[in-house]
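*Asks:* I would like to see how this sequence folds:
(chains A, B and C)
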Amino acid sequence: MIEKKDSLAIGEYIKNFARKHSLFVLAYGTGCGAIEIPPTMTSRYDAERFGIRGAATPRQADVLLITGYLATKTLKRVIRVYEQMQDPKYVIGFGSCTINGGMYWDSYNTINSLDKYIPVDVFINGCMPRPEAVISGFVKLQEYIQEGKADGWRKYQNNIEEYRENQKRIIKNWRMPDYNL
Amino acid sequence: MNWSLILGITITIITAFTVGMFYGGISRKVTARIQNRVGPPIWQNFLDVLKLYSKESAIHHGWMQHLGPLWAITASTATLMFVPILNNGQFYQNLNFSGDLIFLMYMMVFGQLGMALGAGQTGNPNSAIGVSRGLSQMVGYKVPWLLALVAIMVQYKATSITGLIELQNQIGWLMFASPFAFIAGLLAFIGMMHYSPFDIVFAPSELASGPPSEFGGKYLGLMMTSGSIFTFAKLVLFVDVFLGGASNILELLLKTFVIYMIPVIYGIVSPRYRTEQSIRYFWGWPTFFGVIGMLYAWYMIS
Amino acid sequence: MMNSLFLLLFILFGSAILSYIGHRISETLGNIIVVVGAFSASIWFFVGFETPAEFSYKIADFDALWSFSSYSWIFAALVSILSPLALLYSTSYMKGKERLGTFYFNFFLSILGMIGITMSQDFISLFIFWEIMTWSSYLIVIYLGKDVEKVGIKYMIFSAIGAYALLMGIVLINREVGSLLIEDAFAYFPQIQFSTQLLIGILLLIGFSIKSAMMPLHVWAPGAYSNSPMSYTAVFSGALSKMGIYGLGLVFIRLLSSGEFTLINEIFAWAGAITTLMATFYAIIQDDAKKLLAYSSIGQLGYIIVGVAIGTELSIMAAIYLAILHAAFKGNLFMAIGAVEKQTGSTDMTLVTGLIRKMPLTFFSTLVSIIALAAVPPLGGFVGKWMLYQSLLASEHFFLIIVIFTASTAAFLYSFKILYSLFLGQEEPEFKNIKEAPLPMLIPMILLSLFLIVTGTFPGILFEPIANGMKYLGFNDVNWNMSLLVNAWGDEVNLQHVSMYIGTIFIVAFIFISLKNRKRTRYVTTKDISTSGEIPLPHENLSFKLNFYKPFERAISPVMKKTMDSIYDEIGNGLNALFQFIRYIYSGNGQGYALYVIIFFVLLLLLKNQIFGL
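*Replies:* From the prediction side, this is the model:
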């Protein structure tokens, strides 16, 4: 007999399997890393064989790919896009700039650590990370999704006040619509 | 309650969904192979839909957006119900005898109108632009499609699809009996499938995917479901009218697959038409062949 | 005991006078009189006379006869149902306008005219009622005082042409037949000389087809429909234009029944089809909702003309059915647009936007009427279009069917445009405080919507009187079923199956999508859209309204270059030049006139052999 708990787990397993193999990526390509996206998606490295494909709008997307540094001005847009995505949603920080600021670590108008403002599930190190690295990052994300560890979106919901505080520290004139959960 | 009817409807819808999804996956695979890629597995579309249904949140901008995908799936399954899947009612008959070709032509627009209204309510200008292009293009490809079907209807004095299939059992496929109507119908059919070069409606990088741009999660999932069912229904309709239907599932799959590959392969190597270019295209050669088909039908009956 | 027919006209005329007086005293009193008068006339029409009532009299040596035939009863019933609803709507729509007494006086008079036309069995009363209808509608067209010199004069001129054509035809009939009774005309018409028959037919057809806005004679219609108050336009387009159809039916089926006139039938069918196509194209490029609906009315009337002109059993049935349906959905649409105009002050589709959440019931009735107009299956409009196409297929009008089917597909464009522009799209802050239309405006719209929904599954409720009326036209055993459509080749559409299937699937899917993640499905405003992460400010305009169908306009631009208006303008300019030239002859110079006289005599002398045959 399958216990109710088990059947829930089976359901969750199937859902995670589907989520893992179907990642619609919204590439937020303001930084220099955007140039690495086309080779990743096209013939040479072909990310589509992992079920990764581009999404046109945040409503349809699962993965937000932040390619490189984020200026303080663009952070607002990134938060907006992230909040428009539907749960479960994942963020991949791409390049050193999203981890610690990279070569812009002491710049007056870029943020240093993306993780403070939106929850990042996977960081891909490098400046620039090559397509192989990008794909390995995606595969890592797939592993996390299958294990149920890619729960940045839940973290964001639970610690929304903390994230808001951090965000408001950067964005002085805060005019965002409310994010109701 | 007529349980066998309900069972038949359920099985037909599931079959159509499965076949439509696999065809979508195959088209992605073929595209990938032509572009020298490995491509996703052919069951990729199932995973996409399953993922969309397992999304945990959704947004809507009002009742009309909530109802839009519903309209689409109602219309696409309704279209499926009135198209005979196999000859002689070997498969479930569903409602094959309750509608005819003219009914189907209007039924097929029902879903598009609902989708257009749903997309309209989102307030996204890209959606509205997409809808405006889609409806304009529809007027374009409807003209040769109509000419083809009317030519057949007047020549063989039947508007019901089952009647046309029975007729083709005697005189052979209408593809050869009315070749000009077939050419017009095929060219119009390429437009109906919305593959390149007629995909300006859903242009992802220009319009942010157009009408579905504000749909996510369960809504997008329902739209993809409806889309695959509708694709299958259109293919079966085309096979029933021009290729003499099919007497078993394998034959049906073979015929629909061949027809399906025409727009796909034509699309991969084609750039994109602008809206007025595609309208003028449909009102050019396809309409010309349609008129020839019509005159041929006229000549044949008089 | 007063005759029941006479009493009907008396009620209408009395209501006209009383509502004029009532509105002079106070608006509330006037409105009460209007509603009571309209509904009592309508109730009297339906319950007042069971047996076919007759009323005959003599004026100036002519026999006059009033009675409803089973055919004209359909049109009278149409008027009797639509007009009280429009008047009820009107009491709220016209609130606070000036000269209300005059408006309602003319409104009642035109209802009287329409009822009179359907009940007159002789040409003299027909013509008199026709003129009453024309004049009262003219006075309402110019009632708001907007564009009088353009719209009013156009309507006037075309109505006058129609009236003269009609009168000429009637005079010719009287000369040839010797009687003015319509039945006599039908009976003795075949004995007349063929050329006179042809002339009478064409004159009457021109007279009637002007009112039903057929293509070369339609130019009055867009202005007149959009210029009069919407409560009247509902009747104007819904019922008054059907008087033309009524006449066309009589002429085509009863008068020109012999086989020699098929060419005229074909010409009128083609004119109707081209009317449909061109009017649909023009409707697509309009930016004012009223203008759009006006052109759409012309287009829909085109279908009906096609049906009447083809003249087979199924096509006549389709035409009458479409006439009734058109009255319902176009009346409903004009009322809904009137409600939008009343609540927002504008019908400009580029300005008004996002009303769906403010006026949900108005949106519902617009949606239902649009679905019926676009002939999408589960609603009534589909039935009429289906019968029309089947009749065209059976009577081998192949290219006609392509033209009107294309027009019907193109109708989706303007159908969507009117729904999207007014009700969907961005919700702008300037329309934040709009309320739903008041109850007297909603009730007629909801009733008409319900009618459209019911006819989608059970068109038989309309087929019954139609089949009855077609006996008068000579089709004695018309086959009809409650909810089953059968064509000439035995193919059928079972409407009950369609509706049941659509309803079931819709409900199942609705339950699924509504219950799934119900707690985490939320409503967001229309400013919360994916705009590349940008946050639109309240005043930022994100609507896509202007040039909505620009690509389509570009594609059809070759056929849109020359409008009928410009052709009439050119004719006018040409006549102007001719008259200018004639004016030069009257130079006002005595010697010049003397010269003319001399030239005349010289010509006379030179040509006397040829002229006098000497």
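*Asks:* which intervals of chain B have sub-threshold pLDDT?
*Replies:* B:1, B:88-90 (pLDDT under 70).
*Asks:* which residue ranges form the strands in it?
*Replies:* Remark: strands assigned in chain B by DSSP state E are B:58-60.
*Asks:* interface residues of it facing chain A?
*Replies:* Contact residues, chain B versus chain A (Cβ under 8 Å from any Cβ of the partner chain): B:28, B:32, B:35-41, B:44, B:47-48, B:50-51, B:54-59, B:204-205, B:208-209, B:212-217, B:220. Where C-beta positions appear, they are placed from N, C-alpha and C, glycine not excepted.
*Asks:* now list the buried members of these.
*Replies:* B:28, B:32, B:37, B:39-40, B:44, B:47-48, B:50-51, B:54-59, B:208-209, B:212-217, B:220 (16 or more other Cβ atoms under 10 Å in any protein chain shown).
*Asks:* of those, which are in range of chain C?
*Replies:* Checking those against chain C (Cβ under 8 Å from any Cβ), the matches are B:55-59, B:208, B:213-214, B:217.
*Asks:* burial of residue 169, as a residue count?
*Replies:* I'll assume chain A. Residues near A:Arg169, counting by other Cβ atoms under 10 Å in any protein chain shown, number 10.
*Asks:* please refer instead to chain C.
*Replies:* C:Gly169: 25 neighbours (other Cβ under 10 Å).
*Asks:* tell me which element it falls in.
*Replies:* helix C:153-177 (DSSP states H and E).
*Asks:* over to C:Trp66?
*Replies:* Secondary structure (DSSP H and E) places C:Trp66 in strand C:62-67.
*Asks:* now that strand and helix C:153-177, what's the angle there?
*Replies:* 110 degrees (axes from the mean of the first three to the mean of the last three Cα atoms, to 10 degrees).
*Asks:* list the helices and strands the next helix or strand after strand C:62-67 packs on?
*Replies:* Next along the chain after strand C:62-67, taking DSSP H and E as the criterion, comes helix C:70-93. Applying 3 or more Cβ pairs under 8 Å, 6 or more residues apart in numbering or on different chains; DSSP states H and E, we find helix C:70-93 packed against helix C:27-47, helix C:100-119, helix C:230-235, helix C:241-249, helix C:313-344, helix C:439-457, helix C:460-472.
*Asks:* pick the most buried one from those.
*Replies:* helix C:230-235 (a mean of 29; mean count of other Cβ atoms under 10 Å in any protein chain shown).
*Asks:* now that helix, how far from the centre of its chain.
*Replies:* 10 Å (Cα atoms, centre = their mean, to the nearest Å).
*Asks:* got the CA positions of that helix in PDB?
*Replies:* The C-alpha trace of helix C:230-235 is given here as PDB (Å, rounded to 0.1, in the frame of the first residue of the first chain):
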ATOM      1  CA  MET C 230     -28.500  55.800 -29.900                       C
ATOM      2  CA  SER C 231     -31.800  54.800 -28.500                       C
ATOM      3  CA  TYR C 232     -33.400  55.700 -31.800                       C
ATOM      4  CA  THR C 233     -30.600  54.200 -33.900                       C
ATOM      5  CA  ALA C 234     -31.400  50.800 -32.200                       C
ATOM      6  CA  VAL C 235     -34.800  51.000 -33.900                       C
END
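*Asks:* quick one on the thing from earlier: go ahead and name everything in contact with the strand holding C:Trp66.
*Replies:* C:5-6, C:52-58, C:116, C:119-122, C:124-125, C:179-181 (Cβ atoms under 8 Å, 6 or more residues apart in numbering or on different chains).
*Asks:* helices - which of the residues you listed land there?
*Replies:* Using DSSP state H, the subset of these located in helices is C:5-6, C:116, C:119, C:124-125.
*Asks:* centroid-nearest residue for chain A?
*Replies:* A:Val91 (1.1 Å; Cα atoms, centre = their mean).
*Asks:* contacting residues around it?
*Replies:* Shown in contact with A:Val91 (Cβ under 8 Å, 6+ apart): A:63-64, A:66, A:82, A:114, A:118-121, A:152.
*Asks:* tell me if it really is in a strand.
*Replies:* Yes. When classified by DSSP: H, G, I helix; E, B strand; the rest coil, A:Val91 is found to be part of a strand.
*Asks:* quick one: it and chain C, what's the gap?
*Replies:* 14 Å (Cβ to the nearest Cβ, to the nearest Å).
*Asks:* who does that residue bridge with?
*Replies:* A:Leu64 (DSSP bridges).
*Asks:* what's the pLDDT at it?
*Replies:* Looking at A:Val91, its pLDDT is 92.
*Asks:* give me the neighbour count for C:Arg175.
*Replies:* C:Arg175, neighbours per other Cβ under 10 Å, totals 11.
*Asks:* list the contacts for the single nearest residue of chain C relative to chain A?
*Replies:* Proximity of chain C to chain A (Cβ to the nearest Cβ) peaks at C:Gly533, 3.0 Å away. By Cβ under 8 Å, 6+ apart, the contact set of C:Gly533 is A:28, A:74, A:76-78, A:80-81.
*Asks:* what about 7 Å?
*Replies:* Going by Cβ atoms under 7 Å, 6 or more residues apart in numbering or on different chains, C:Gly533 touches A:77-78, A:80-81.
*Asks:* quick one: stretch C:192-205 to chain centroid distance?
*Replies:* For stretch C:192-205, the distance to the chain centre is 26 Å (Cα atoms, centre = their mean).
*Asks:* show me what counts as buried in that stretch.
*Replies:* C:192, C:197-198, C:200-205.
*Asks:* contact partners for the nearest residue to B:Gly24 once chain neighbours are set aside?
*Replies:* Spatial nearest neighbour of B:Gly24, excluding adjacent residues (Cβ to Cβ, 6 or more residues apart in numbering or on different chains): B:Asn45 at 4.5 Å. Counting by Cβ under 7 Å, 6+ apart, B:Asn45 touches B:21, B:24-25.
*Asks:* quick one, phi psi at A:Ala55?
*Replies:* When read as degrees, to the nearest 10, the backbone of A:Ala55 gives phi -120, psi 150.
*Asks:* ugh, wrong one, I meant A:Lys155
*Replies:* Dihedral angles (degrees, to the nearest 10) for A:Lys155: phi -60, psi -40.
*Asks:* mind listing what's buried along whichever strand or helix holds C:Leu400?
*Replies:* Assessed by DSSP H and E, C:Leu400 sits inside helix C:398-423. For helix C:398-423, a neighbour-count test (16+ other Cβ under 10 Å) marks C:398, C:400-423 as buried.
*Asks:* restrict these to those near chain B?
*Replies:* Contacts with chain B within the buried residues of helix C:398-423, as defined by Cβ under 7 Å from any Cβ of the partner chain: C:398, C:401-402, C:405-406, C:409-410, C:412-413, C:416, C:419-420.
*Asks:* quick check, the residue in chain A closest to chain C?
*Replies:* Going by Cβ to the nearest Cβ, chain C is nearest to A:Arg77 of chain A, at 3.0 Å.
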